[in-house]
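1. A predicted structure for the sequence below; I have some questions about it.
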Amino acid sequence: MSKKTVIVNGVVHTVDASDSIAEALVLEGNRIVYVGSSEEAKKYIDSEANVIDAQGKSVVPGFIDSHIHAASAGTPQDLSVDASKENGVSCIDDILALIPPILAQVKKGEWVLGNGYNEKNLKEDRHPTRWELDRVTPDNPLMLTHTSGHVCVCNSLALKMAGVLDGSGNFPEECVIKDENGEPTGFLKESAAFMMMKIAAAEPAEEVLMNGISRLTGYLASLGITTVHDAGYSAASTFRILQKTREAGLLKCRFYVMMWSVYGKEAQIETIETQINSGFFTNFGDEMLKKGPLKIMIDGSSSAGTCATREPLSHNGQIMPPVFTQEEIDELVLKGHKAGFQWTAHAIGDRAIEMCLNAYEKAQKAYPRKDARHRIEHCSLCPSDLRKRIKELGVVPIPNPVFFTEWGQNYLAYYGERTEEMIPMRSFLDEGIICPIGSDAPTGPGFFNPLNSIAAAMDRMCFKNQTALGKKEAITLEEALRCMTYYGAYASFDENIKGSLEAGKLADVVILSDSLIGKSPEEIRSMHVEKTFMDGEIVYEA
């Protein structure tokens, strides 16, 4: 007989078709067997049952983060420079002061990596230069990655080793920023930044990566996350490490993995071809670890002002180019679609979104496929004409409302009035578009916590200036909760087994520290998770 867990006296947000609120849940084995009243639930209690009095607190489906870099976030960061504002960084000198202690732990000539800086949080309101970095790192190559993950700053030794200074590295000229004298400043954008990441990469041993992922998924469980759609890093090797972690019994949440390589345009193409030629396609796997969509990165970053827009950026009058041409995207999408893959694309600017939709439409016309559920990651600058096409094509956008909290001031600078309609979740929902929420963690502080994403979808608050941006695109608690649960399950073809609390579904359940009913976004941010169940087992308890 399977052991039962009986949860009574709760505010059970079922996220069913009617958004019903129940009092109780009964879990048996790895499934939900009853949802309803506490009185009826008590009839399931036997001598072996674990009875939990929820005391009026909210009980919700396990959170599903539909865009997160979980596997790569599990890589140990012990010898990296944390240049985030949360680490006390407020100016370039603060960043420089963090580097010597790391240098003391590495050998001369070894790479030093850092991350987390945001130029809009620095007193200077600009990126550091290579000459500033050279003052403290003359003998070690250094790469300092922006919080967006799309741009970086390197010192002179790193640029020299990579062939940026003499041109031998064949870095795309438009992505290597130079000063008024034509000298590289050390600031690299998009393709150039990703090429540098590949040069600087030092993959830890498999055992180290497995333990890192295990610790990270334990942390995710503490936040109530039971499923992640991993946005990818190094494709096949990522899936291999996750499979080995799972086989070792160390994986503490479910993974749906996007097939993508971070190491530049050519690496993306190679990954796509390899996956298509493997013979396996989207949904290969099981309830714990599944192959997800093929992914392509069409444009840059919203927070760094490098995404591909139709109209010029507000701060410099430039229009940033996409990474791929329309013809290249069409060809790749057609191949993957024909081979049975779900597709997704990193597309933030309206020009990039339009290119993505063009490719999806052409592929469907050439090889009609019912319910392909192709996706668009981020989909931030998405006006009405593009939303209409998204609805017609059945495409699933994955917005990231938590971006406003950290990068709202960047958006105002780069996109001006367009910020009012960025991340248009109200419009998506009103127009019948399913839009799961992704965090894109760990790119910003607090991004891992689903309660922060839910609150941000409700108030769209920029923390730096305490201003709500585009209030008309805010959504309700119930809608945000659905985007963080059921819609995430839909985006991975799993809505029949998880994403809501209904009899017969997987017993992925979260008990919060209070009731969500009537709470303000700020009060929701202050709540925490008390218990997380996955497959009916407690995987986290406060």
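-> Nice, thanks for sending it over.

2. for burial, what's the neighbour tally of residue 255?
-> 27 (other C-beta atoms under 10 Å). The C-beta positions use only the backbone N, C-alpha and C, and glycine is treated the same way.

3. that one: what's it in contact with?
-> 70, 71, 227, 228, 230, 242, 288, 289, 290 (C-beta atoms under 8 Å, 6 or more residues apart in numbering).

4. please apply the same query to residue 31.
-> Applying C-beta under 8 Å, 6+ apart, we find residue 31 in contact with 503, 504, 505, 506, 507, 536.

5. residue 6 versus residue 504, what's the distance?
-> According to C-beta to C-beta, to the nearest Å, residue 504 and residue 6 sit 17 Å apart.

6. the more surrounded of these two?
-> Per other C-beta under 10 Å, whichever of residue 504 and residue 6 has more neighbours is residue 6, with 23 against 9.

7. who does the helix or strand that contains that one pair up with?
-> In the assignment (DSSP states H and E), residue 6 maps to strand 4-8. Taking DSSP bridges as the criterion, strand 4-8 forms sheet pairs with strand 24-28 (antiparallel), strand 50-53 (parallel).

8. distance between the helix or strand immediately after the longest one in the chain and the chain's centre?
-> Read that as strand 24-28. Counting by DSSP H and E, the next helix or strand C-terminal to strand 24-28 is strand 31-36. Averaging C-alpha positions (C-alpha atoms, centre = their mean, to the nearest Å) puts strand 31-36 31 Å from its chain's average.

9. name the residues of the helix or strand just after strand 31-36 that are buried.
-> Next helix or strand after strand 31-36 toward the C-terminus (DSSP H and E): helix 38-41. Going by neighbour count (16 or more other C-beta atoms under 10 Å), the buried part of helix 38-41 is 38, 41.

10. when you give positions from now on, start the count at 587
-> With 587 as the first residue, the last one maps to helix 624-627.

11. what's helix 624-627 packed up against?
-> The contact analysis (3 or more C-beta pairs under 8 Å, 6 or more residues apart in numbering; DSSP states H and E) places helix 624-627 against strand 590-594, strand 610-614.

12. picking up where we left off before, return the most buried member of the strands paired with strand 590-594.
-> strand 610-614 (a mean of 24; mean count of other C-beta atoms under 10 Å).

13. can I get the contacts of residue 841 in a markdown table with distance to residue 680 and pLDDT?
-> As requested, the contacts of residue 841 are exported to a markdown table (distance: C-beta to C-beta, whole Å; pLDDT from 0 to 100):
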| residue | distance to residue 680 | pLDDT |
| --- | --- | --- |
| 656 | 29 | 83 |
| 657 | 30 | 74 |
| 813 | 37 | 98 |
| 814 | 32 | 97 |
| 816 | 32 | 95 |
| 828 | 36 | 91 |
| 874 | 42 | 97 |
| 875 | 40 | 96 |
| 876 | 42 | 96 |
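
14. for PyMOL, what selects the buried ones among these?
-> Filtering the contacts of residue 841 down to the buried ones (16+ other C-beta under 10 Å) takes a single PyMOL command:
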select buried, resi 656+657+813+814+816+828+875+876
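
15. residue 947 is nearest to which of the strands paired with strand 590-594?
-> Closest to residue 947 of the strands paired with strand 590-594 is strand 610-614 (C-beta to C-beta; 42.6 Å).

16. picking that back up, would you list the helices and strands packed on helix 624-627 in a markdown table and tack on distance to residue 720 and mean pLDDT?
-> Below are the helices and strands packed on helix 624-627 laid out as a markdown table (distance: least, C-beta to C-beta, whole Å; pLDDT from 0 to 100):
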| stretch | distance to residue 720 | mean pLDDT |
| --- | --- | --- |
| strand 590-594 | 59 | 97 |
| strand 610-614 | 59 | 98 |
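
17. who does the helix or strand hosting residue 844 pair up with?
-> Residue 844 is part of strand 840-845 when elements are defined by DSSP H and E. Within its sheet, strand 840-845 is paired with strand 811-816 (parallel), strand 875-883 (parallel), according to DSSP bridges.

18. the helices in the stretch 937-1086 of the chain, which residues?
-> For the stretch 937-1086 of the chain, the helices defined by DSSP state H, counting those that start in this stretch cover 970-979, 989-1001, 1011-1016, 1036-1045, 1063-1069, 1072-1077.

19. elements contacting the second one?
-> Taking 3+ C-beta pairs under 8 Å, 6+ apart as the contact definition, the neighbouring helices and strands of helix 989-1001 are helix 1036-1045, strand 1047-1048.

20. packing partners of the longest one?
-> What that stands for is helix 1036-1045. In terms of contacts (3+ C-beta pairs under 8 Å, 6+ apart), helix 1036-1045 is packed against strand 649-654, helix 989-1001, helix 1063-1069, helix 1107-1111.

21. ok, residue 882 - contacts?
-> Residues near residue 882 by C-beta under 8 Å, 6+ apart: 846, 854, 858, 910, 915, 918, 919, 929, 930, 931, 932.

22. and it, what pLDDT?
-> At residue 882, the predicted lDDT confidence score is 97.

23. hey, which helix or strand in the chain has the poorest pLDDT?
-> helix 656-659 (a mean of 75; mean pLDDT, DSSP states H and E).

24. can you give the contact residues for that helix?
-> Taking C-beta under 8 Å, 6+ apart as the rule, helix 656-659 contacts 799, 802-803, 806, 814, 816, 819, 824, 827-828, 839, 841, 843, 848, 1027-1028.

25. by pLDDT, rank these and give me the bottom one.
-> Among the contacts of helix 656-659, pLDDT bottoms out at residue 819, giving 77.

26. what's near enough to touch that residue?
-> Applying C-beta under 8 Å, 6+ apart to residue 819 gives the contacts 655, 657, 658, 846, 847, 848.

27. on that earlier part again, so can I have CSV of the contacts of residue 617 showing pLDDT, secondary structure and distance to residue 1106?
-> Output for these, formatted as CSV (pLDDT from 0 to 100; DSSP: H, G, I helix; E, B strand; the rest coil; distance: C-beta to C-beta, whole Å):
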residue, pLDDT, secondary structure, distance to residue 1106
1089, 98, coil, 33
1090, 98, coil, 35
1091, 98, coil, 30
1092, 98, strand, 31
1093, 98, coil, 31
1122, 97, coil, 33
